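1. sequence? don't have it. structure:
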């Protein structure tokens, strides 16, 4: 293939699965240290725990997921939390389950999570894009061929676009 043909092919390359960590990637807290169940959705649109403390995802995340779904992207959640039931309750209250057909939320190595997602989705690692705030996870998952973005700031449309651009260019954070 000519260099121009390769550039054209790469320019059209899009991930078949976009994966997100939860804690400090999609929301500003660790679910295994807070919030405290039971939780409920408040009239203010925030989730309130048993102490009345309010929790919410980073701004714009729900709209970002809706846009990705509308564009035909498949999405997954990948979390190493020690409190999977709290994470799942947050997802239910936020009404996010509709965006994520693939969810691996439990303690353990992210390589195990990705192996299960790959098997279930039948999507090769090379066709996945992953956002995570922990360098060790980015290092481990980039080593299996997933394009990874190290999240140093709240998840946003700009960070998503950076990840999509990295995927198209065949680059990854390590």
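-> Here it is on my side, so go on. Note that this is a predicted model, so its numbers are computed, not measured.

2. going forward, measure contacts between C-alpha atoms and count neighbours the same way
-> Fine.

3. mind listing what the closest residue to residue 83 other than its chain neighbours touches?
-> Closest residue to residue 83 apart from its sequence neighbours, by Cα to Cα, 6 or more residues apart in numbering: residue 32 at 4.8 Å. Taking Cα atoms under 8 Å, 6 or more residues apart in numbering, we find residue 32 in contact with 81, 82, 83, 86.

4. ok, residue 82 to residue 15 distance?
-> 29 Å (Cα to Cα, to the nearest Å).

5. Which one's more surrounded, the two?
-> A count of neighbours by other Cα atoms under 10 Å puts residue 15 above the other of residue 82 and residue 15, at 22 against 16.

6. separation between the residue nearest the centre of the chain and residue 45?
-> Centroid-nearest residue in the chain: residue 20, 0.9 Å away (criterion: Cα atoms, centre = their mean). Taking Cα to Cα as the measure, residue 20 falls 22 Å from residue 45.

7. Mind checking which of the contacts of residue 32 land in helices?
-> Residues of the contacts of residue 32 located in helices (DSSP state H): residue 86.

8. State the three-state secondary structure for residue 172.
-> coil (DSSP: H, G, I helix; E, B strand; the rest coil).

9. tally of neighbours for it?
-> Neighbourhood size, residue 172 [other Cα under 10 Å]: 20.

10. Kindly report the same for residue 149.
-> Neighbour count of residue 149, defined by other Cα under 10 Å: 27.

11. cool, residue 44 as well?
-> 8.

12. residues in contact with stretch 103-115?
-> 76-84, 87, 116-117, 137, 140-141.

13. Residue 116 sits in which helix or strand?
-> Assigned by DSSP states H and E, residue 116 falls within helix 110-121.

14. thinking again about what came up before, pick out whichever of the contacts of residue 32 sits closest to residue 169.
-> The nearest member of these to residue 169, counting by Cα to Cα, is residue 81 at 31.3 Å.

15. Tell me the spacing between the closest one and residue 104.
-> Using Cα to Cα, one obtains 10 Å as the distance from residue 81 to residue 104.

16. Next: residue 43.
-> Distance from residue 43 to residue 104, counting by Cα to Cα: 30 Å.

17. Which one's more surrounded, the two?
-> residue 104 (20 against 8).
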